[in-house]
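Novice: from the sequence below, what's the structure:
(one chain, ligands or ions: 2)
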Amino acid sequence: MSLDTIPTIDFAKFGDGTCPESRAIAKKFFEACRDVGFAYLINTGIPQERVDGIFQWSAKLFELRTEVKKKAPHPPEGWRHCGYSGVGVEQISQMVFDTEELAVIRKGKFPDFKESFDIGDETSPARAGLENIWLPEEEIPGFREYALDYCQTCRAFQMEQLLPALSIGMGLDRDFFNRYHKNGENQLRLAHYPEAPTEVFETGEKGRIGAHTDYLTCTILFQDDVGGLEVESPSEPGVFIPAPPVPGAAVFNIGDLLMRWSNGEYLVDGFLKADLLKSTLHRVRAPPRKADDDGMTRKRFSVPYFIGADTEAVVDCIPGCWGPDKPKKYEPVNVAEYVDMRMNAAYAWTVSKVATSLNSMFDMTLELPWIFNRGHSRFGQGSTEHNGRPDMNAPETLRRRMALHSEDGFPLPSDLYPSPTMSIETIPVIDFAQFGDGTSLESQGITKKLYEACRDVGFAYLINTGIPQEKVNGMFEWSAKFFRLPFEVKNLKKASKAPEKRCSGYLGIGMARTSQMVSDSEKVVAIPSGKFPGLRESFAIFDETESVRPSFENVWFPEEDLPGFRKYALDYFQTCRAFQMEQLLPALSIGMGLDKDFFNEYHKNGENTLQLLHYPQAPAEEFESGKKLRIRAHTDFGTGTILF
Ligand SMILES: O=C(O)CCC(=O)C(=O)O
Ligand SMILES: [Fe+2]
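Specialist: Ligands and ions are numbered 1, 2, ... in the order given. Next up, the predicted model:
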């Protein structure tokens, strides 16, 4: 079997999983899940008429006038998937992992050009109290009944054949997965991608669905005959292969929960890698052009059925997926908590930065001068993109960094950086020297200037912040010391990032899950294909102060490896926070015409993050040829970032 074809699994002879043929089917199915993460399923027992029927209902539903469809609006909460989402509305869904994607969407450049109607399985006790949102029956009589019935048909296949086949294929007892899916919250989605001039897809003005992974156990999807679904190649990350429509076949794929459950790895050379079951990136683009088309891309319908595990279940590494040579990578997790984490804080585990729900954060690197930049606020406008490619941002400074290194390869800031006032004309410099407590006459001018910088540029250099230079230098020294430690020490025990740790700890070079951080097709192609691994390592620390995170513990390595580091870092943290609360946020509040404490009120115990970043030395051509990046273009979460 070539890795680059999506295998076809024929369930015709599977029966209930006890007949002699079923073993071979189960094995082949497991291999597809392991090697590709995708498969075509045929002879599933889901009657073709039922599938045709749901497509007919879907066409009928989407043909309704928009005002009618809007009578069942999808609620704003991303986690509650039900009801109608209009074209370009379902943007901040589970599919958006990344700051960059959010930023792009906010700018309206690449909205998903689709509408969808989501239905949760109402029969599941797990959904009690979470009603679906239906259109009034008289608008589309019979739809509700058909859709729920269709769900049951899919669930029957899931429980009688699909999950048993996977269990058997993995050498587990037939009912292993069934036990975790007794009343899982399955979701049916009707998706409609409207007709559009092919040009809009080609120019990248619009997409159908950006690259993403599904987050539950697995998905069964039927598509019409238009095409456009693509799956990341198992052998060439970043290259997408078509998953064209196959009449009568369902498209099956593994989701993130199942990958994790199987001890799935996601941090290898910057690529998503699964040891066992693979949750594969996929996307929908316009299908290949035909010679005789009229410049229009046909509308497309698809019907994914997302299979979820029981919310109250605790999933621990699947037996057989770990052993003496292969320790468990994850703590057991409660499914509901996992889903929450994924929906609400999904952002946290994709990037070396910080999660949503942070009120603000600090960010520190080894090489850029003092910058304050405005990140995402939940309700904010798009923020400014910055890009750490050495040739693109603050070029003078960065070129100098490339040239100058302290003896052991670590640049020290004092050697490298000119005073911020020196060079960069486009990023305003804000001098806090006279700000005081924000009541003096001088402070008025300062606040106004800060506000204007935030509005017009989104970035500013801050000087005379009161954060002592020795403190900053000290932090850089500790950082250099830390990154000089041997990899085994840095990466010790749990000091590698796990989703549960919300990014505390060490992340080695190339360990960021880059494939999830990008949305638009070109970048997805460029980055995970190995052309642009982020050449950096980082260590992240959260504020441990009692009032901020009562039950939170950072991931620290043993004190004896770097005695004094922890104390210094936490202390530095407090110094930054003091500036934040005494000057920065008051200045921004006043500058925006609010009362001085406006932002402080929202940041009494915000979960700030300190991040030490190290971008190792590398031949300049690596960057010039575009083979490597330091940090790709992105925006920050949180309220804002202060960076040295
Ligand atoms: O429409 C398709 O073929 C894919 C849909 C999909 O991947 C999703 O909704 O998660
Ligand atoms: Fe998907």
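Novice: wait, Val457 touches Thr426, no?
Specialist: Yes - if you go by CB atoms under 8 Å, Val457 and Thr426 touch, sitting 6.9 Å apart. The way it works is simple: take the backbone N, C-alpha and C, and place the C-beta from them, glycine included.
Novice: these two: which is more packed in?
Specialist: Neighbour tally, Val457 and Thr426, criterion other CB atoms under 10 Å: the higher count belongs to Val457, 14 against 8.
Novice: tell me the pLDDT at that one?
Specialist: Among the per-residue scores, Val457 shows a pLDDT of 82.
Novice: for the residue lying closest to it once chain neighbours are set aside, give its distance to Pro616.
Specialist: Ranked by CB to CB, 6 or more residues apart in numbering and with sequence neighbours excluded, the top spatial neighbour of Val457 is Ile427, at 6.0 Å. Relative to Pro616, Ile427 is positioned 26 Å away (CB to CB, to the nearest Å).
Novice: who has more neighbours, the two?
Specialist: The neighbour count for Ile427 versus Pro616, taken as other CB under 10 Å, is higher for Ile427 (22 against 12).
Novice: is that one part of a helix or strand, or is it coil?
Specialist: For Ile427, the secondary structure call by DSSP: H, G, I helix; E, B strand; the rest coil comes out as coil.
Novice: right, and it touches Asp456 too?
Specialist: No - the criterion here is CB under 8 Å, and Ile427 misses it with Asp456 at 10.2 Å.
Novice: hey, what's Ala540 bridged with?
Specialist: Gly505, Gln611 (DSSP bridges).
Novice: ok, it to ligand 1 distance?
Specialist: Applying CB to the nearest ligand atom, to the nearest Å, the value for Ala540 to ligand 1 is 30 Å.
Novice: how many neighbouring residues does that residue have?
Specialist: Residues near Ala540, counting by other CB under 10 Å: 24.
Novice: what does Val489 give?
Specialist: Residues lying near Val489 (other CB under 10 Å) number 15.
Novice: which stretch of helix or strand covers it?
Specialist: If you go by DSSP states H and E, Val489 is part of helix 487-490.
Novice: pull out the buried positions in that helix.
Specialist: Along helix 487-490, these residues count as buried under the neighbour rule (16 or more other CB atoms under 10 Å): Lys490.
Novice: and this protein, which residues reach ligand 1?
Specialist: With CB under 6 Å from any ligand atom as the criterion, the chain meets ligand 1 at residues Arg189, Ala191, Ile209, Asp214, Leu221, Gln223, Leu229, His282, Val284, Ser302, Pro304.
Novice: change it to 5 Å
Specialist: Near ligand 1, the residues belonging to the chain are Ala191, Leu229, Val284, Ser302, Pro304 when assessed by CB under 5 Å from any ligand atom.
Novice: out of those residues, which sit inside strands?
Specialist: When DSSP state E is applied, the residues of the chain next to ligand 1 are split such that Ala191, Leu229, Val284, Ser302, Pro304 fall in strands.
Novice: quick one: least confident of these?
Specialist: Among those, Val284 has the lowest pLDDT, at 91.
Novice: neighbours of that one, how many?
Specialist: Around Val284 sit 25 other residues, with neighbours defined as other CB under 10 Å.
Novice: next, count neighbours for the nearest residue to it once chain neighbours are set aside.
Specialist: Taking CB to CB, 6+ apart, and ignoring the residues beside it in sequence, Val284 has Arg208 as its nearest neighbour in space, at 3.8 Å. In terms of burial, Arg208 registers 23 neighbours under the definition other CB under 10 Å.
Novice: picking up where we left off before, need the residues of the chain next to ligand 1 in TSV with distance to Glu31, can you?
Specialist: Conversion of the residues of the chain next to ligand 1 to TSV gives the following (distance: CB to CB, whole Å):
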residue	distance to Glu31
Ala191	29
Leu229	21
Val284	26
Ser302	25
Pro304	23
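Novice: and stretch 118-126, what's its mean pLDDT?
Specialist: For stretch 118-126, the mean per-residue pLDDT is 76.
Novice: of all of the chain, which residue lies closest to ligand 1?
Specialist: Each residue of the chain has a distance to ligand 1, by CB to the nearest ligand atom, and the smallest belongs to Ser302, at 3.4 Å.
Novice: mind checking which helix or strand the residue lying closest to Phe598 once chain neighbours are set aside is in?
Specialist: Across the structure, with CB to CB, 6+ apart as the measure, the residue nearest Phe598 apart from its sequence neighbours is Ser589 (4.0 Å). Following DSSP H and E, one finds Ser589 within helix 585-591.
Novice: name the residues of whichever helix or strand comes after that helix that are buried.
Specialist: Per DSSP H and E, helix 585-591 leads on to helix 598-601 as the next helix or strand towards the C-terminus. Using 16+ other CB under 10 Å as the test for burial, helix 598-601 gives Phe599, Asn600.
Novice: packing partners for helix 598-601?
Specialist: If you count contacts as 3 or more CB pairs under 8 Å, 6 or more residues apart in numbering; DSSP states H and E, helix 598-601 packs onto helix 585-591.
Novice: ok, residues contacting the helix it packs on?
Specialist: By CB atoms under 8 Å, 6 or more residues apart in numbering, the list of residues contacting helix 585-591 from outside reads 430, 432, 435, 437-438, 443-444, 446-452, 454, 595-600, 603.
Novice: hmm, which of these are the buried ones?
Specialist: Applying 16+ other CB under 10 Å to the contacts of helix 585-591, the neighbour count classes 430, 432, 435, 438, 443, 446-447, 449-451, 454, 596, 599-600, 603 as buried.
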